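Engineer: Have a look at this prediction, sequence included:
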Amino acid sequence: MKKKLVFLCGTLLLLTTLLASSGGIGVVHEQDIQSEVDKTSLPLGLSVYNYDYTVASSANSTIVLENPTFQEMKDFILKDTTSRKTFILYTYECRHFATEVNNNAKAAGWQCGFALLCYTRGQHAVVAFDTVDRGLIFIEPQTDAAIDVKVGGTYQGQEIKEILIAW
């Protein structure tokens, strides 16, 4: 019970930190998410939140993040070296891969979401891009693969109960 409480507190702290630093959290509850989302006719239950993607501002400059095209996202992912890193249990895991890709995308000027695939027991971190021409695309940052995930579907052998995205 104590481990679950510590895990839950750690997860909430991570999400709170991401929320504070990124401008918001979008929650996706949808039985049939596809890699191409038509923003003009969202199916019932799908919540995609659009935020002002201004990341930092100073007296001299403002950084504005853009949603990439599918090709721009693909080019970025193929250049990003995060997937070449080694998975090390308790030291460099899925959340570290996702955080690094997210930070690298933002440094390159691209809006990227930190996404949690929530299972009955545990979760897995990936990233999401809201591409301007193909909609919401999820990427496995450990392999650079585009993945088709949806609530009620499975990923890594586990049923997805909820998808959380921090933009």
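Structural biologist: Thanks, I have it.
Engineer: contacts, neighbours, all on C-alpha from now
Structural biologist: Fine.
Engineer: and the longest strand for the chain?
Structural biologist: strand 123-131 (DSSP state E).
Engineer: pLDDT score for the spatially closest residue to Q123 that is not a sequence neighbour?
Structural biologist: Counting by CA to CA, 6 or more residues apart in numbering, Q123 lies nearest to L117, which is 5.4 Å off, once chain neighbours are set aside. pLDDT recorded at L117 is 98.
Engineer: Please pull out the lowest mean pLDDT helix or strand from the protein.
Structural biologist: Every helix and strand in the chain was compared by mean pLDDT, DSSP states H and E; the lowest is strand 25-28, with a mean of 38.
Engineer: show me where this protein has helices.
Structural biologist: Counting by DSSP state H, the chain has helices at residues 2-22, 70-79, 94-107.
Engineer: which helices and strands sit right next to the second one?
Structural biologist: If contacts are counted by 3 or more CA pairs under 8 Å, 6 or more residues apart in numbering; DSSP states H and E, helix 70-79 sits against strand 123-131.
Engineer: what does the last one give?
Structural biologist: With contacts taken as 3+ CA pairs under 8 Å, 6+ apart, helix 94-107 sits against strand 113-118, strand 123-131.
Engineer: what number of residues lie near D133?
Structural biologist: 14 (other CA atoms under 10 Å).
Engineer: ok, it - contacts?
Structural biologist: Contact partners of D133, counting by CA atoms under 8 Å, 6 or more residues apart in numbering, are 69-70.
Engineer: phi, psi of it?
Structural biologist: phi -110, psi -20 (degrees, to the nearest 10).
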